[in-house]
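K.L.:
I'll drop the sequence and a predicted model, then ask my questions.
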Amino acid sequence: MTQPLITLTSPAKLNLMLHIIGRRADGYHQLQTVFQFLDYGDSMQFKLRTDHQLILHDSLPGVLPEQNLILRAAHLLQQHSNSQQGAEIWLNKQLPMGGGVGGGSSNAATTLLALNQLWQCQLPLTKLAQLGLQLGADVPVFIQGQSCFAEGVGEQMTPLVLAEPWFLVVTPKVCISTAEVFSAPELTRDSQPITIRTVLEQGHRNDCQAVVERLYPEVHEALNLLGRVCQAKLTGTGSCVFGSFPSQAAAESAARTLPNSLPYFIAKGANTSVTHRQLNKLKELG
Ligand SMILES: C[C@](O)(CO)[C@H](O)COP(=O)(O)OP(=O)(O)OC[C@H]1O[C@@H](n2ccc(N)nc2=O)[C@H](O)[C@@H]1O
Ligand SMILES: Nc1ncnc2c1ncn2[C@@H]1O[C@H](COP(=O)(O)OP(=O)(O)OP(=O)(O)O)[C@@H](O)[C@H]1O
């Protein structure tokens, strides 16, 4: 019998603002951030196996299969749910790695969501988000699937309805280690906490930006170039920088002002993750 196959988009996120307000005893930074999803990402396919095997068909440069967040997420769910089933997984990577658009975390979350459905584990999103947090601070937001104001390390989420403009995302060819940025001595770690009511007026800054611009001249240059045509900001710990536009045509016209050597993509903002919209459609189809 042919086993079911599901195809899902594993989207990018942007941090529209990111303030660091303190540090936990374990060294993790306490953040205030606004997450927006993009209708753009990696493509993933999941096929049920009736045995226990987990097979990832595509590899990533510099990432051992057992370190790949996709297999780590699949193993975690298998252990937690005691599922006797397995899966074959395919990944078509589009998102830049170490780009601050959350590609690895998104892949992990998409895996948890897809296998929860394929294996009929029926774990609620809150439980999947708890599991996801063991894999990375950015995983819960991709599980929850709504644009939001997030606090803690990003796991305390309050949904926020945002505008859904088009974004021009410049992707400098550098892979940035999140841990390196968070360990910089000069990083701002004492921003004044703001409230969700004032976030859209007061939250325009990314506290990681100064450190990243100093460590990575390519990112500094990208911010300068994009800054000529819009307000340009860093997402997460970089390397990607972005600006928003009222239409796709306006974003395309801004992209034409960039040097040909500078890679970019254009995508629409979305209040609900595309993965959730696709999974809901599959559920409706039965
Ligand atoms: C910067 C953001 O992308 C904003 O959305 C996230 O906070 C980063 O999330 P992530 O990539 O999933 O990060 P993780 O894989 O959990 O952490 C990588 C490393 O970054 C540091 N780290 C991460 C998140 C955080 N709030 N404080 C930290 O100090 C820790 O040294 C950690 O070992
Ligand atoms: N499936 C995966 N996709 C991408 N990176 C992965 C994956 N699995 C493990 N990794 C590792 O995670 C690192 C960070 O990848 P990722 O693309 O998520 O960075 P990022 O966008 O900067 O993340 P964030 O915004 O969450 O800080 C990669 O350099 C790679 O070593």
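P.N.:
Now that the structure is in, tell me what you want to look at. Ligands and ions are numbered 1, 2, ... in the order given.

K.L.:
can you pull the contacts of Gly132?
P.N.:
The contact partners of Gly132, by Cβ atoms under 8 Å, 6 or more residues apart in numbering, come to Ala73, Ser105, Ala108, Ala109, Leu112, Val139, Pro140, Phe142, Ile143. Using the backbone N, CA and C atoms, a C-beta is placed for each residue, glycine as well.

K.L.:
Next, format those as JSON lines and append pLDDT and neighbour count.
P.N.:
Formatted as JSON lines, those follow (pLDDT from 0 to 100; neighbours: other Cβ atoms under 10 Å):
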{"residue": "Ala73", "pLDDT": "98", "neighbour count": "30"}
{"residue": "Ser105", "pLDDT": "98", "neighbour count": "25"}
{"residue": "Ala108", "pLDDT": "98", "neighbour count": "29"}
{"residue": "Ala109", "pLDDT": "98", "neighbour count": "31"}
{"residue": "Leu112", "pLDDT": "98", "neighbour count": "28"}
{"residue": "Val139", "pLDDT": "98", "neighbour count": "29"}
{"residue": "Pro140", "pLDDT": "98", "neighbour count": "27"}
{"residue": "Phe142", "pLDDT": "98", "neighbour count": "30"}
{"residue": "Ile143", "pLDDT": "98", "neighbour count": "26"}
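
K.L.:
Kindly identify which of those also come near ligand 1.
P.N.:
Filtering the contacts of Gly132 for proximity to ligand 1 (criterion: Cβ under 6 Å from any ligand atom) leaves Ser105.

K.L.:
The closest residue to His52 other than its chain neighbours pairs with what?
P.N.:
Excluding the flanking residues, the one nearest His52 by Cβ to Cβ, 6 or more residues apart in numbering is Gly86, at 5.0 Å. Beta bridges link Gly86 to Arg49, judged by DSSP bridges.

K.L.:
Would you point out the most distant pair within the contacts of Gly132?
P.N.:
Pairwise distances across these peak at 12.4 Å for Ala73 and Pro140 (criterion: Cβ to Cβ).

K.L.:
Check the contact lists of those two and give me the overlap.
P.N.:
With Cβ under 8 Å, 6+ apart as the test, Ala73 and Pro140 both reach Ala109, Gly132.

K.L.:
burial of the closest residue to ligand 1 within the stretch 1-150 of the chain, as a residue count?
P.N.:
Residue nearest to ligand 1 within the stretch 1-150 of the chain: Gly136 (3.0 Å; Cβ to the nearest ligand atom). Neighbourhood size, Gly136 [other Cβ atoms under 10 Å]: 21.

K.L.:
re the thing from before, which one of the contacts of Gly132 sits closest to ligand 2?
P.N.:
Taking Cβ to the nearest ligand atom as the measure, ligand 2 sits nearest to Ser105 out of these, at 4.6 Å.

K.L.:
Let me see the contact set for the closest one.
P.N.:
With Cβ under 8 Å, 6+ apart, Ser105 has these contacts: Leu69, Gly132, Leu135, Gly136, Ala137, Asp138, Val139, Val141, Phe142.

K.L.:
repeat that with 7 Å
P.N.:
By Cβ atoms under 7 Å, 6 or more residues apart in numbering, the contact list for Ser105 reads Gly136, Asp138, Val139, Phe142.
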